[in-house]
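Enquirer: my questions are about this predicted structure, shown below with the sequence.
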Amino acid sequence: MQDKIRSDLIQIFNHGIDRVRGRQAVVADLQNHPPSAENLYLIAIGKAASDMTLGALDVLGTRIKDGLVITKHRHAAAELHENNLIEVIESDHPVPTETSLQAGQRLLTYLQERANPDAHFLFLLSGGASSLVEVLPAGMGLDDLKNITRLLLAKGLDIGRMNLVRQAVSCIKGGRLAAKLNGAKVLNLMISDVPGDDPSIIGSGLLNPSATKIDLQNYPQEIRAYLNDIELVAVPDADAFKFIDTRIVARLDDAKEACVNKATALAYDAHAIADFVDGDVNEVAARLCNTLFNSEHRLLVWGGEPSMNLPPSPGRGGRNQHLALLIAEKISNKDGIYFMVAGTDGSDGPTTDAGALVDGSTKTRGLSMGLDIAHSLATADSGSFLEQTNDLISTGPTGTNVMDLMIGLKRD
């Protein structure tokens, strides 16, 4: 029974992923709303850039004159590398590197060579772009950018507040890339990895200016110290955005709905929780468990992006693995309780694991192996614990990124 339930939960998660994969999402959008231009230049940036590009090629074929794809290492499909019309740059995430800056310069050159009022561009943007590509303002170096990024990740800030900082220290984010379009027409298709599906936050809003002004008082002193020394690059006026048509082609709610549909097909009494899951992982673990225990439904699906504060020298893992291990502690020795927590992009933090699937026996199994769950949590080394208990989930790159899914089940 236990093996079947775990297999079912993985099927449910995978069905949610299938609903929001970049290739299928772009194909569906372009078939329903075909662009009028006969020739388009393609720019795809983000963790889902490869899959989204394949979808565009499926529909548009030779109408794509050429393209530039910037994605995470090991996320590009072999067929793109073999396509002579598509230039692929594999960059770094979640902390930007020199490759991110090189990708930024190549992006500017690509636009400079092609952008004019008669040109048409297809942009395909997804989460991860904030780290994968960057152009820095004068007076700011790569080490400064790395330090700011590490501070943002360590302080447990939500994605909206993080990306406002990233926009503030960039020459291309927060809508600033639009100034390089020179009046070209743009269809901008996006996979949302932010709450509320705000285009100005996805990938730090390369083509969409933020309506929110950054308030430095909302940030720790270490981050304010960097921002106080930077001369912000002006956001272009409204004319720069009048030829940009933006559409969201896949979002978290789509994945949640697909998970519920699959669970129902597998004869589970399933329900999606509408509330977005955010906040500190410790509070989130308690909230998810209490909601499941008190629900009239047997299987619940949540989505969101919790945060966590990292210790000075964190071990192996990410927020999903940490949340899963916190839940494993709370449901210890409770028979018939299961939780799967995983990132829809297939990677959790700096690891290659998507997350974990834990149950009431996870903590006990770990203890029998000599593992200390309290120490693993305190040192942010949840991945090591969960590897030993064989509870890690590894999917590989999924071709999408709509934040995290959490699936909880209480057996009859």
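Expert: Sure, I can see it.

Enquirer: CA only for contacts and neighbour counts going forward, please
Expert: Noted.

Enquirer: mind listing residues that contact the top helix by length along the chain?
Expert: Longest helix in the chain, counting residues (DSSP state H): helix 2-20. Helix 2-20 has contacts (CA atoms under 8 Å, 6 or more residues apart in numbering) with 25, 250-251, 254-260, 262-263, 266, 340, 344, 357, 398, 400, 402, 405, 407.

Enquirer: now, which of those lie within strands?
Expert: Judged by DSSP state E, strands contain the following of the contacts of helix 2-20: 250, 340, 357, 405, 407.

Enquirer: give the contact list for the fourth one.
Expert: If I follow you right, that is residue 405. For residue 405, the contacting residues are 13, 256, 301, 302, 303, 304, 340, 341, 342, 343, 344, by CA under 8 Å, 6+ apart.

Enquirer: run the chain-centre distance for whichever strand or helix holds the fourth one.
Expert: In this assignment (DSSP states H and E), residue 302 forms part of strand 299-304. Taking CA atoms, centre = their mean, to the nearest Å, one finds strand 299-304 lying 17 Å from the centre of the chain it belongs to.

Enquirer: and this structure, what are its domains?
Expert: According to automatic domain parsing, the chain comprises the domains 2-16+253-410, 35-250.

Enquirer: mean confidence for the last one?
Expert: Model confidence over domain 35-250 averages 92 on the pLDDT scale.

Enquirer: now residue 245: closest residue in space that isn't a chain neighbour?
Expert: Excluding the flanking residues, the one nearest residue 245 by CA to CA, 6 or more residues apart in numbering is residue 187, at 5.0 Å.

Enquirer: the stretch 1-150 of the chain: helices as residue ranges?
Expert: 2-20, 22-32, 49-60, 78-81, 98-114, 129-132, 142-154 (DSSP state H, counting those that start in this stretch).

Enquirer: now those helices as CSV including mean neighbour count and distance to residue 87?
Expert: Converted to CSV, the helices of the stretch 1-150 of the chain look like this (neighbours: other CA atoms under 10 Å; distance: least, CA to CA, whole Å):
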stretch, mean neighbour count, distance to residue 87
helix 2-20, 18, 25
helix 22-32, 20, 18
helix 49-60, 23, 11
helix 78-81, 13, 7
helix 98-114, 17, 10
helix 129-132, 29, 15
helix 142-154, 17, 24
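
Enquirer: how close does the residue lying closest to residue 401 once chain neighbours are set aside get to residue 281?
Expert: Nearest non-adjacent residue to residue 401, counting by CA to CA, 6+ apart: residue 345, 4.5 Å away. Relative to residue 281, residue 345 is positioned 19 Å away (CA to CA, to the nearest Å).

Enquirer: likewise for residue 370?
Expert: 25 Å.

Enquirer: more neighbours, the two?
Expert: Using other CA atoms under 10 Å, the more surrounded residue of residue 370 and residue 281 is residue 281, with 23 against 9.

Enquirer: isn't that one right up against residue 319?
Expert: Yes - using CA atoms under 8 Å, residue 281 is in contact with residue 319, at 7.4 Å.

Enquirer: circling back: could you check how far the helix or strand the residue nearest to residue 245 falls within is from the centre of its chain?
Expert: Assigned by DSSP H and E, residue 187 belongs to strand 185-191. Between the centre of strand 185-191 and the centre of its chain there are 18 Å (CA atoms, centre = their mean).

Enquirer: which helices and strands sit right next to it?
Expert: Strand 185-191 sits against strand 120-125, strand 244-250, with contacts defined as 3 or more CA pairs under 8 Å, 6 or more residues apart in numbering; DSSP states H and E.

Enquirer: for the helix or strand following that strand, buried residues please.
Expert: Downstream of strand 185-191, the first helix or strand assigned by DSSP H and E is helix 221-228. Buried residues in helix 221-228, counted by 16 or more other CA atoms under 10 Å: 223, 224, 227.

Enquirer: out of those, which comes closest to residue 63?
Expert: Nearest to residue 63 among those is residue 227, at 43.0 Å by CA to CA.

Enquirer: look up how far residue 211 lies from that closest one.
Expert: Between residue 227 and residue 211 the computed distance is 19 Å (CA to CA).

Enquirer: where in the stretch 301-412 of the chain is pLDDT low?
Expert: For the stretch 301-412 of the chain, no stretch is flagged by pLDDT under 70.

Enquirer: for the helices of the stretch 1-150 of the chain, give me CSV that also has distance to residue 365.
Expert: Converted to CSV, the helices of the stretch 1-150 of the chain look like this (distance: least, CA to CA, whole Å):
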stretch, distance to residue 365
helix 2-20, 15
helix 22-32, 38
helix 49-60, 38
helix 78-81, 40
helix 98-114, 42
helix 129-132, 38
helix 142-154, 30
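
Enquirer: okay, the domains of the chain in TSV with distance to residue 29 next?
Expert: Formatted as TSV, the domains of the chain follow (distance: least, CA to CA, whole Å):
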stretch	distance to residue 29
domain 2-16+253-410	14
domain 35-250	7
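
Enquirer: which residues touch residue 77?
Expert: Going by CA under 8 Å, 6+ apart, the list of residues near residue 77 reads 50, 51.

Enquirer: which residue packs closest to residue 248, ignoring adjacent ones?
Expert: residue 190 (4.8 Å).

Enquirer: for that neighbour, give the beta-bridge partners.
Expert: Beta bridges link residue 190 to residue 125, residue 248 when assigned by DSSP bridges.

Enquirer: what separation do you get for it and residue 401?
Expert: 10 Å.

Enquirer: mutual contacts of those two, please.
Expert: Residues touching both residue 190 and residue 401 (CA under 8 Å, 6+ apart) are residue 126.

Enquirer: for residue 276, which three-state class applies?
Expert: strand (DSSP: H, G, I helix; E, B strand; the rest coil).

Enquirer: before we move on, back to that, between the helices of the stretch 1-150 of the chain, which one is nearest to residue 275?
Expert: For the helices of the stretch 1-150 of the chain, the distance to residue 275 is smallest for helix 2-20, at 17.4 Å, taking CA to CA.

Enquirer: tell me the angle the closest one makes with strand 244-250.
Expert: 160 degrees (axes from the mean of the first three to the mean of the last three CA atoms, to 10 degrees).

Enquirer: chain center to helix 2-20, what's the gap?
Expert: Relative to its chain's centre, helix 2-20 lies at 20 Å (CA atoms, centre = their mean).

Enquirer: pLDDT of it, averaged?
Expert: Helix 2-20 shows a mean pLDDT of 97 in the predicted model.

Enquirer: my guess is the residue nearest to residue 401 contacts residue 353, does it?
Expert: No - using CA under 8 Å, residue 345 and residue 353 do not qualify as a contacting pair, with a distance of 9.9 Å.
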